[in-house]
Structures are given as structure tokens and as C-alpha cells.
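# got a structure for you, letters missing:
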């Protein structure tokens, strides 16, 4: 079988795998953004016990490998608590918990990077803390951390490969199957490497575009 | 009529006592300039007036309402107290007009249209009507500070606090900012100004207060404080800056 035939033959299953990869990434990130914001606010809250909850969460996620987290949730927790979950959903949850922790730190760094005088100016006008945060601090913080957020998105997309170990039918899994059937591992893994690269490179370009569009104080917002 | 009444105000940063019992009454329409060496507590005192700096103990009463009383809604009280900062602190993601409109619209004091109209008026007043749609980065320091003054006026405060408003400006831009402040003073605004501009204090202030090491050392009419200072500390300070 020529390389071209191999390519044509395996492309449908690769695209399907990529579809699952993107789907998992998308839902994981959606949850992670909400989770990250929540953890971030717990972390910067003035209530000590909320800080502790957030810190412990971030430390646990950061201090353990994603692979171990995936095993723990998919095999460990399900066995201990006696429930079933699809490997895809387990993957989404693990990725979300993971990215959420990192995103919370990114959000926090963004908020800290906004000059303290901004909060003071907003409060001096009579804006309550929440309004000052949402109308003055966050719009600036988000712009500052867009490159880091995009970076985390890309990391999460690549982390989906690790989820293949619990059997989610994402791109690596699809490649493994094709490779085992055809014994053409070099070509197969080269192809999916290129597929990953195309997607991630596109994301990077979109990120740069968004960054430029949102640059503070220049032209249209 | 009494506008501001500060009673026995103390402020600690950790173990350091930066304000050591300040008592002060400011009348409506009065322009008070706070002068003194750096570290004397004058900026901290100013920031206590709108509670950006929480006081350790003592009372700050404005229009009969204690800002230091936790039962009072501090946000509501702050609407009546405009503040202008040394570093301008304009919101960089908003245009000049949007900076001014933010508080009135968010705090539901005005509709968007009304606020836009008001922003235009205020910008005209500070001589920057044509900068309506500009972002702060495209404005000079003096222009930014004038927009900041307009922003502080947007909620129609009846007292204005200025924290060294010209200290971060290039010398040639100091005049345009002081000009706007003079106009405000003339229009009867109650103003408390921390400043190193002795010329401004002498010309515009109704009262000059010299602070050092967390206490009010001397106060009085500018001609008296500048012309015939009683305390040795005031004399030394004025010798150095004049």
C-alpha cells in the first residue's frame, strides 16, 4: 500500500479522532474557564478559609501528574464510589480540573498585574468592589493574560493525548489502532503529528490576532 | 457650613503610626492645601478622607455622615467625594468619554445618552472636548490628569480630593492642570489638595496646613503660614522648598 493509499484509508478515522480531541478540549476548557475564575476569586478573596480551599486545590492538581489524575478518577474513584462514567467524559473532567487549576493561577496573575491605582480610582468613584472588578480590573487583566490563556488552551489540547490511556477515542487512540492494523507506525504517527501541528498552529495564529485586536487603547475594541 | 469633620484620626501601618491624632474641620467651599515633607502623612490623611485608607481609629464625618461607621454604605458616600490621583489612574481600556461615563452609568445615576452629554460638557470644561474618543495612551500627562478631574466630577461630588495632582507631570503641563483646579475653586468647590506647588497654595488656598510626622504642625491663611511661620519645623520646610 502506497503512502497515499494509507493516508486516504486512515484519514476518516484520524478526522474522527481529531473530532473527539477537539470536542474534549472544547468542553474541558469551557468548564475550566468557569472553574478557573471561581478558584481565582476564592484565592483572592479576603476570607481565609476560601483562600485555603483554593490553594489546596491548585497545589494538589499542580503537584500530581495528569496521567495519575486520569487513572485516579477513571479507575480509582469509579471503583471506590461504585459509579460508571464514559472514558470520554472522564477525560473531559480530568482535563477541566487540570486546566482549571492552571487557568486560576493565570487569571490571578492577570488581576495582580493591573496597577493597584485602577482599583482605587474605581472605588473612589463609588463603584462597589464587584463592579470595579468586572468593569475596570477584569477587562484589563484578560487582555494581559490572553497569551497565557491561549498557551494553556494549547497545552490542554495536547494533554488530550494522555487521556488515550483510559481509552477515550481521540486522535492518538485512532492512530494506535491504524498503526496496529497496518504496521506503518512511522507514517501513521508522522501524519497525526502533522494534524496536531496544523490545528495548534492555527490556534496560535488566532491567538495572535485576538491579542492584536484587543490591544489596550488602540482603535476599535 | 461644616463640610468635613475629622476627629482624633489615627492610622497605623503595622506598628508604624503614620497619623497621630488629627482633628480638622473644613467648611463648605473652603480650599485647603496640605503641605509638608514626604512621609509626613499628608497623602495618607487625604486617603483617609474617602476611606481608601481604612483608619485605625477616630472619625471622618462628611456632611454629617461618618465614613468610619461600618453601618454606613461607603460606596454611596464616596459618590459625593471626587478624588484625583498623582498617577491619574485613568482606565486605559476606555476612551476619555467612557472613563467619565462609567460611574454615572454603572451606578444608575444617568442613562447612557445623558452621561455622554455630561461627559462632553465636562471635557469641554477642562478644555478637552475634542479628545472625547481618545484613549488615555494617546493623551499627554496634563491631558490625562484633566480627564481624570472630569471623571472625578462626573458624579457631581461636592468635595474634591487631590493627591499631588501635578507631581507626575512634566513642568510645562503643570499649569493647565492647576488652571482647571483654580476654576473649580472659584466655582465654590470644597477642595482638599495635597501639593508641592507652593505658588498654587499661596494663590488659591483659603487655608494652608503644614503636616509633619503625622501631626498638624501649623495651619492658617496662606499669607500667614508662608509669610510668618510660627513653628521652627514649618520654617525649615519652607526654607527648603521656597
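Received the coordinates, thanks. Since this is a predicted model, take the numbers as computed values, not measurements.

# quick one, what contacts residue B:31?
For residue B:31, the contact set (Cβ atoms under 8 Å, 6 or more residues apart in numbering or on different chains) comprises B:185, B:189-191, B:193, B:204-207. Any C-beta I mention is one placed from the backbone N, CA and C, and that applies to glycine too.

# Please name every helix or strand in contact with the host helix or strand of residue A:31.
Secondary structure from DSSP states H and E places residue A:31 in helix A:3-44. Judged by 3 or more Cβ pairs under 8 Å, 6 or more residues apart in numbering or on different chains; DSSP states H and E, helix A:3-44 is in contact with helix A:48-63, helix A:87-113, helix A:138-159, helix A:171-182, helix A:185-214.

# Now look at the second one and say if it contacts chain B.
No. Counting by Cβ under 8 Å from any Cβ of the partner chain, chain B has no neighbours in helix A:87-113; the shortest distance is 12.5 Å.

# Quick one: the helices in chain B, in order.
Along chain B, counting by DSSP state H, helices occupy B:42-49, B:74-78, B:96-106, B:112-125, B:141-153, B:171-186, B:198-204, B:222-227, B:232-241.

# In a markdown table: those helices, plus mean neighbour count and mean pLDDT.
Below are the helices of chain B laid out as a markdown table (neighbours: other Cβ atoms under 10 Å in any protein chain shown; pLDDT from 0 to 100):
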| stretch | mean neighbour count | mean pLDDT |
| --- | --- | --- |
| helix B:42-49 | 23 | 96 |
| helix B:74-78 | 18 | 95 |
| helix B:96-106 | 24 | 97 |
| helix B:112-125 | 17 | 96 |
| helix B:141-153 | 25 | 97 |
| helix B:171-186 | 17 | 95 |
| helix B:198-204 | 17 | 94 |
| helix B:222-227 | 16 | 95 |
| helix B:232-241 | 14 | 93 |
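
# Out of these, flag the one nearest residue A:211.
helix B:96-106 (21.5 Å; Cβ to Cβ).

# who's in contact with the closest one?
With contact meaning Cβ under 8 Å, 6+ apart, helix B:96-106 is reached by A:122, A:125-127, A:131, A:135-136, B:79, B:90-91, B:94, B:109-112, B:114-116, B:118-120, B:122-123, B:128, B:131-136, B:139, B:147-148, B:150-151, B:154-155.

# where does chain A dip in pLDDT?
A:216-221 (pLDDT under 70).

# 80 instead?
Scanning chain A for pLDDT under 80 picks out A:1, A:214-221.

# before we move on, back to that, just the buried ones out of the contacts of residue B:31, please.
B:185, B:189-191, B:193, B:204-205, B:207 (16 or more other Cβ atoms under 10 Å in any protein chain shown).

# need the contact list for residue B:203.
Neighbour list for residue B:203: B:182, B:222 [criterion: Cβ under 8 Å, 6+ apart].

# distance of residue A:165 from residue A:10?
Using Cβ to Cβ, to the nearest Å, residue A:165 is found at 21 Å from residue A:10.

# Nothing else from me, thank you.
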